[in-house]
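Peer 1: Predicted coordinates and the sequence they were generated for:
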Amino acid sequence: MANENETTTSKEGSGMKKEKQEITSEDLTRRAFMAGTGAAAAGLVVGGVVGYGVSPETELTSPAVAPWPTNWIGRNLEACTGCKLCEIACSIEKEGKIWPAASRMRVLQYPPCVEFPVACYLCGADALCISACGENALTLDPATSIILIDTGKCLRTRTDSKNMDCVVCAEACPGDAVFFHPVTQEPLICDLCGGDPVCLAECPQKAIHVKGTSMSASRADEIGRALGHMYDLPASRRTPASRMPPPPRRRPTEVEG
C-alpha cells in the first residue's frame, strides 16, 4: 500500500514538474525574442522583459498586431568602438546636419571603457512606452512594428499642455531607447528610416547591421555591466608601497676637521 502511495505521489510530482517546465518554456518562448538565431551578447541573455514569440505555431489574434518585425537593426555590441558615426548619420538624415543630441540612435558610455549603440528594440504589441502614454500619443505601426509619434497629442509638444516635462514613455521603455529632441522636446524613437536605416551603412565595425541578431529590450546599465568583461584589466604590476624595499641607507659623510 505504501509503495502504491509513493508511486502515485511520484507520478503527481513528476506531472507538476512537467507542467511547470511547460509553463516556463512557453513564457520564455513568448518573451525571449531572437530573430533567426539563439545567441547571447557578452553574457547578457538575449530575451529580456519585453520581446516577441518566435514559435512557428504563433498565430495572429488581431490583424492590428504584428507578431514580429519584418525589419530590424541587428546588434553586435562587442564590436562597437564608440566612433558615433551612427549618431552623425542619423542626425544628418533626420535633422539635415550633424547633431548627435537629436539622433534617434545613441552610443552610450559606461566605465571603464564600454560603449555601445542603443535604439528602439521594436517591442511590438508589448511596447510599454505605448501603454504608459495616457494621451495615446504613441501607436504601433502593425506593418513594421515601429512606434509612431503624434506630436499633436504628446504633452511635451502640445501648445495647450501644462506638463511639457512628461517623460512617462522614456521611463517605461525597458531598453532606455526613448530620447527627447533638444529643441522641440518631442520624443525621439528610431523608425528605421522608413525601412532602410542610414546608420547601418556608416558603421565600420558592423556593430549594427541589417537584421541578424535582434536583442530584446534590456536596460543600458545592465548591458554595460555585461560588456564590462571585455575590459577586465589585469591587476597592477606595481608593488604596493607597504611591500617596497626600504631605500638604501646613505653612508654618513666624513667630517673634515
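Peer 2: Cool, the structure landed. Bear in mind that the values here come from a model prediction, so they are computed numbers and not experimental data. Residues are numbered from 1 along each chain as shown.
Peer 1: Listing request: residues of the stretch 151-257 of the chain with sub-threshold pLDDT.
Peer 2: 230-257 (pLDDT under 70).
Peer 1: Please, where are all the strands along it?
Peer 2: Along the stretch 151-257 of the chain, counting by DSSP state E, counting those that start in this stretch, strands occupy 179-180, 187-188, 208-210.
Peer 1: Output the contacting helices and strands for the first one.
Peer 2: Going back to what we said before, that points to strand 179-180. Contacts defined by 3 or more Cβ pairs under 8 Å, 6 or more residues apart in numbering; DSSP states H and E place strand 179-180 against strand 187-188. Every C-beta, even on glycine, is put in place using the N, C-alpha and C of the backbone.
Peer 1: Report the next helix or strand after the helix or strand hosting residue 89 in sequence order.
Peer 2: Applying DSSP states H and E as the criterion places residue 89 in helix 85-95. Per DSSP H and E, the first helix or strand lying C-terminal to helix 85-95 is strand 106-110.
Peer 1: For that following strand, buried residues please.
Peer 2: Across strand 106-110, burial judged by 16 or more other Cβ atoms under 10 Å covers 106-108, 110.
Peer 1: swap in stretch 69-85?
Peer 2: Residues of stretch 69-85 classed as buried by neighbour count (16+ other Cβ under 10 Å): 69, 72-77, 80, 84-85.
Peer 1: thinking again about what came up before, mean confidence (pLDDT) on the helix holding residue 89, please.
Peer 2: The average pLDDT for helix 85-95 rounds to 97.
Peer 1: Show me where the stretch 1-150 of the chain has its helices.
Peer 2: For the stretch 1-150 of the chain, the helices defined by DSSP state H, counting those that start in this stretch occupy 2-31, 85-95, 128-132.
Peer 1: ok and the second one relative to strand 106-110, angle-wise?
Peer 2: Between the axis of helix 85-95 and that of strand 106-110 there is an angle of 150 degrees, by axes from the mean of the first three to the mean of the last three Cα atoms, to 10 degrees.
Peer 1: With only the CA atoms kept, save helix 85-95 in PDB.
Peer 2: This file holds the C-alpha atoms of helix 85-95, laid out as PDB (Å, rounded to 0.1, in the frame of the first residue of the first chain):
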ATOM      1  CA  LEU A  85      29.300  57.600 -36.800                       C
ATOM      2  CA  CYS A  86      25.800  56.200 -36.400                       C
ATOM      3  CA  GLU A  87      24.700  59.200 -34.400                       C
ATOM      4  CA  ILE A  88      26.100  61.500 -37.000                       C
ATOM      5  CA  ALA A  89      24.400  59.700 -39.900                       C
ATOM      6  CA  CYS A  90      21.100  59.600 -38.100                       C
ATOM      7  CA  SER A  91      21.100  63.300 -37.200                       C
ATOM      8  CA  ILE A  92      22.100  64.300 -40.800                       C
ATOM      9  CA  GLU A  93      19.200  62.100 -42.100                       C
ATOM     10  CA  LYS A  94      16.600  63.400 -39.700                       C
ATOM     11  CA  GLU A  95      17.800  67.000 -38.900                       C
END
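Peer 1: Done for today, thanks.
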